[in-house]
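[1] From the sequence below, what's the structure:
(chains A, B and C)
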Amino acid sequence: MLEADIESPLRIEGQEATLTLQGDLTIFTVDALKDDVFLALNCPRIRVSLDAVNDIDSCGLQLLLVLARQAQDIGRDFALSKSHPEADALLALYGLDLPVLAAEGGAP
Amino acid sequence: MDKTILVVDDSSSFRNVVSIALKDAGYQVIQAGDGKDALGKLDGKKIHLIISDVNMPVMDGLSFVRAAKQLAAYRFTPIIMLTTEAGESKKAEGKAAGVRAWVVKPFQPPVLLDAVAKLIQA
Amino acid sequence: MNNESALALFFEEAFEQSNLLESLLLSLDMQPEGNAEDLSAMFRSAHTIKGSAGLFALDGLIAFTHVMENVLDRMRNGELAIDKPLVGLLLACNDHLRHMLAHYRSEPAAPFPEDAEHRRLLTALEAHTQFAPTAVASAAPCPVAPENTESGNWHLFLRYHPDLFQHGFDPASFLRYLGKHGSIVHIHTHLEMPDRLQDFDPTTCRLSNELALRSQASAAEIAAAFEFIQDDSEIDILPPASDYDAFAALAARYGGSPETHLARWREAGYLPSAAPTAPPVQSPTPPVEVAIVQNVPQEKRRSADRIEGSRFIRIEAAKLDALINRVGELVISTASSRMRAKQTADSDMIQAVEVLSQLVEGIRDDALNLRMVPISEIFNRFPRMVHDVSARLGKEIELDLVGADTEIDKSMIEKLTDPLMHIVRNAIDHGIEDAASRLAQGKPARGLLRLKAYHDTGAIVVDISDDGRGMNKAAILAKAQERGLLPEGRQLSDQEIYKLIFLPGFSTAEQVSDISGRGVGMDVVRRNIDALRGEIEILSTAGQGSTLRIRLPLTLAIIDGFHVEVGGSSLVLPLDMMAECMDMPSQQISRETRQIWLRDTWIPYVSLRELFSLPPCDGPEYVVVAQFGQTTAGIIVDRLIGDIQAVIKPLGSLFRSLRGVSGSTIMGNGRLALILDIPQLIQLALKREDRLVEQRQASLTEHSIALANSTTRTI
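    The predicted model follows:
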């Protein structure tokens, strides 16, 4: 449960890279996730699903922030596929936000 | 999901009182009577915080922490070490082992809960 | 668990720690160099008591153990020379600690009255601590900064150390924690992007925060949120209404262009429009620490042979007693079922009940075993006592404890302690000679006192041996004569002579010394042992020492018994004292001297009909041969019924004066049965045998073989 899934969370279909993160997005998993997460930057469109994430900490969030910032810097389209309550709460605490696709959790 | 705290102290009465306070604050608690016992409880289950005494028979707190830090699943688990004024010199050793959070014994439960709140939230 | 039972547990544990500390101090007294492990364990005892006392706010106890702990810590670190006065002081402190524990146990809320002794001990302890006594640390706020008196926000600048995450911290927790003190009205999070993604270690922290906090808290309270990271991370806190210069100074300390920072802060509304004065509060002042890095020896700990909490469960004694009572009832009703099953003559039923009763027997043994505790609970008190008493008498005595792990019924522990203490005191006072006379006799100057516990045929035996002068038969006889305790014109065996010391009125004022004369004579010892259904035997060799041997039954609660009947009444004999049963011999019996010829010797017998003043039996009679220690006697009954488990109930006052009976029990059929006191019956038989044989000897000269036999046996 603490280890990242052996199966890669990254799926690339055409122009779009989808990162489906599961379980923990924490300091215990970021190392294992890092390579796949940054591979997504090869695609013009990057979508991150946090639906199956049940624990996220600041270290895990930091990885997403680095990805989002890098995507922005090199002109990629980055977005979370859906808002995630725990991630939202953490972002709010830091006064940050990340682009979200689905309307219901919408970006401000 | 309730967060789980591992409380390691050789005094069972101490563990009991601390456990009650932590449970009342909404945490799950696992107890261990010494470092070796505690290592046995690190079996892969998720533990969000370790509270450990320094002075214990069989395996002291710092040896335990060093051993725990070798385990992938607990490398970065927050740790609060309980110390005494007399144990100040242990802090240097603790720091080398990666311990930064210390609470000085004796304390009353709110003091510990306050320290816990700086590391994790129920 | 409520607070009350938590407190009860605390006291139990604290007393245990205190006992451990004492035994370690005593071994230190013998070997002043000490070993690292013991010294650490001693420190831990004080440490543990202090730590737990803190949870219950027992302030007096905390303060006292704090000073003890400091001294023990310095001993552990080799900073203090360990000598007898220091060990003596710590022993006295440990005694005082127990007083304090006893006080708080009865009145947890009342402060401990600090008497002269308390102050004396504290002063003496503090002379051994390095520093002047410090107040016990609490969450006392450090003296920092003006209170927030007017409206306006605090501004916090948090530049986290890269290892922050790895140390188990999460800035989010600190931010949430700040919510306790107020609300974060603005926050800016900066992410320091890594230069190259492939070199990026995602477990390092690249975040920093700047925030405005609206709060009525003090600077110290706000700073306390970051107490764990203040050493590594850069935490700057500007109180409300800090002036522009404070921000400017901070911006200068930030890397990069100060202007950029100031512009960002201006935009966020941090910067004051006017310029009121208030000094910046920088990183919360760390408590002034005198860094003493010592060569702390790495504590080595091998196996857990001292306190191993996790292997034991504490159970309230009352719960255990309730269980044992319940098991007792179970045993009785199983016996009753068994009887009924036999009446049905249904073999399946009988078989099933038989299995059931075997299981119940197992449960009974398990339950009784729960009450068994190592006799070390008593033995552990002796090192201290022997130390004190021998020091006072100026004798050198080595105490040897053997078989301390022998298990004994918990309920016996209390009742056995006082008698043992008394016997040991006596041995030190009267048994073991002073060094000079020992040397003169060619004995080592140091006397040997040995307490030995072991199991022996259904009994627990405790031997108290010394290598002193031995019992002086002549002196005992003279004293007994003087006190009028001697039976007239009677030759006494050695055993009988020794046992004179147990007679009430034997110990007298003349003998009373500070040590052994505490208003308790050996007669009280005897009574206490009797109450435990025990027996005392004395072995002694003049000039070489004596051994007092106490035999006790394994348990007080349930016995395996043998059911017999006399005059239609049920009686139970403890099975472990039964050697054999047989028909009453018509020959080989001497009714005048109440003796039977058993194989190659005459043994005395007691007829229970006679004892209970019943008419003689008209049918056949049976003999149960009973044994206790080295003594044997026959007990004559009407009928032999069979094995039975008897749950011992105390005798009602009606039966208490009954001779030869030690208790009662309820049978499977619900009827009351008396439990025979075999040791007493055997004694009775032996005494009467002697008297009768003597009478007979006076009138007759035949039966010389019998006489010889009986005489040798009584020795």
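[2] Below-threshold pLDDT in chain A: ranges please.
    The model of chain A has pLDDT under 70 over residues A:1-7, A:102-108.
[3] can we see that at 50?
    A:1-5, A:104-108 (pLDDT under 50).
[4] report the longest strand in it, please.
    As assigned by DSSP state E, the longest strand anywhere in chain A is strand A:45-56.
[5] Can you tell me which helices and strands it packs against?
    Helices and strands touching strand A:45-56, by 3 or more C-beta pairs under 8 Å, 6 or more residues apart in numbering or on different chains; DSSP states H and E, are strand A:16-25, helix A:58-73, strand A:77-80, helix A:85-94. Where C-beta positions appear, they are placed from N, C-alpha and C, glycine not excepted.
[6] these two touch, right, residue A:64 and residue A:97?
    No. Using C-beta atoms under 8 Å, residue A:64 is not in contact with residue A:97, being 11.5 Å away.
[7] ok, the two, which is more surrounded?
    residue A:64 (25 against 14; other C-beta atoms under 10 Å in any protein chain shown).
[8] I'd like the distance between that one and chain B.
    Distance of residue A:64 to chain B, given as C-beta to the nearest C-beta, to the nearest Å: 18 Å.
[9] Contact partners for that residue?
    The contact partners of residue A:64, taken as C-beta atoms under 8 Å, 6 or more residues apart in numbering or on different chains, are A:25, A:48, A:87, A:98.
[10] Close to chain C: what parts of chain A are there?
    Residues of chain A lying near chain C by C-beta under 8 Å from any C-beta of the partner chain: A:27, A:30-31, A:33-34, A:38, A:41, A:57-59, A:62-63, A:65-66, A:69-70, A:73, A:90, A:93-96.
[11] and if we set it to 7 Å?
    A:27, A:30-31, A:34, A:38, A:57-59, A:62-63, A:65-66, A:69-70, A:90, A:93-96 (C-beta under 7 Å from any C-beta of the partner chain).
[12] Would you list the buried entries among those residues?
    A:27, A:30-31, A:34, A:38, A:57-59, A:62-63, A:65-66, A:70, A:90, A:93-94, A:96 (16 or more other C-beta atoms under 10 Å in any protein chain shown).
[13] tell me, how many neighbours does residue C:323 end up with?
    Residue C:323: 16 neighbours (other C-beta under 10 Å).
[14] And for residue C:633?
    27.
[15] With residue B:108 instead?
    Residue B:108: 15 neighbours (other C-beta under 10 Å).
[16] Without its sequence neighbours, what residue ends up closest to it?
    Nearest residue to residue B:108, sequence neighbours excluded (C-beta to C-beta, 6 or more residues apart in numbering or on different chains): residue C:57, at 5.8 Å.
[17] Okay, strands next: where are they in chain B?
    So, for chain B - with DSSP E - the strands run B:4-8, B:28-32, B:49-53, B:79-83, B:101-104.
[18] quick one: contacts for residue 21?
    All of this refers to chain A. Residue A:21 makes contact with A:9, A:48, A:49, A:50, A:52, A:53, according to C-beta atoms under 7 Å, 6 or more residues apart in numbering or on different chains.
[19] wrong one, I was asking about chain C
    C:42, C:45, C:46, C:94.
[20] Please tell me how far the second one sits from chain B.
    Note on residue C:45: its distance to chain B, by C-beta to the nearest C-beta, is 10 Å.
[21] Check which residues of stretch C:72-81 are buried.
    Buried, per 16+ other C-beta under 10 Å, within stretch C:72-81: C:72, C:73, C:74, C:75, C:76, C:77, C:80.
[22] Does residue A:46 touch residue A:12 like I think?
    No. Residue A:46 is not in contact with residue A:12 according to C-beta atoms under 7 Å; the separation is 10.0 Å.
[23] State the distance from the closest residue in space to residue C:352 that isn't next to it in sequence to chain B.
    Nearest residue to residue C:352, sequence neighbours excluded (C-beta to C-beta, 6+ apart): residue C:341, at 7.7 Å. Distance of residue C:341 to chain B, computed by C-beta to the nearest C-beta: 46 Å.
[24] my guess is residue C:581 meets residue C:621, correct?
    No. With contacts counted by C-beta under 7 Å, residue C:581 stays clear of residue C:621, the gap being 11.4 Å.
[25] count of neighbours near residue A:75?
    By other C-beta under 10 Å, the residues close to residue A:75 number 7.
[26] Doesn't it lie inside a helix?
    No. Per DSSP: H, G, I helix; E, B strand; the rest coil, residue A:75 lies outside any helix segment and is coil.
[27] next structured bit after the helix or strand in which residue C:64 is found?
    Residue C:64 is part of helix C:59-76, with elements assigned from DSSP states H and E. On the C-terminal side of helix C:59-76, the closest following helix or strand by DSSP H and E is helix C:84-106.
[28] any bit of that following helix sitting next to chain B?
    No. On the criterion C-beta under 7 Å from any C-beta, helix C:84-106 is out of touch with chain B, staying 12.4 Å away.
[29] Tell me the buried residues in that helix?
    C:86-87, C:89-91, C:93-94, C:96-97, C:100-101, C:103-105.
[30] So for whichever strand or helix holds residue C:415, what gets flagged as buried?
    Secondary-structure element containing residue C:415, defined by DSSP H and E: helix C:410-426. Using 16+ other C-beta under 10 Å as the test for burial, helix C:410-426 gives C:410-412, C:415-416, C:419-426.
[31] Who are the packing partners of the lowest-mean-pLDDT helix or strand in chain B?
    Ranked by mean pLDDT, DSSP states H and E, the helix or strand of chain B with the weakest confidence is helix B:88-97, at a mean of 79. Packed against helix B:88-97, as judged by 3 or more C-beta pairs under 7 Å, 6 or more residues apart in numbering or on different chains; DSSP states H and E, are the following elements: helix B:61-68, strand B:79-83.
[32] Could you measure from the residue in chain B that chain C sits nearest to over to residue B:112?
    For chain B and chain C, the shortest gap (C-beta to the nearest C-beta) falls at residue B:106, measuring 2.0 Å. Going from residue B:106 to residue B:112 by C-beta to C-beta, to the nearest Å gives 11 Å.
[33] same deal with residue C:181?
    Between residue C:181 and residue B:112 the distance is 19 Å, computed by C-beta to C-beta.
[34] ok, these two, which is more surrounded?
    Between residue C:181 and residue B:112, counted using other C-beta under 10 Å, residue B:112 has the larger neighbour count: 23 against 18.
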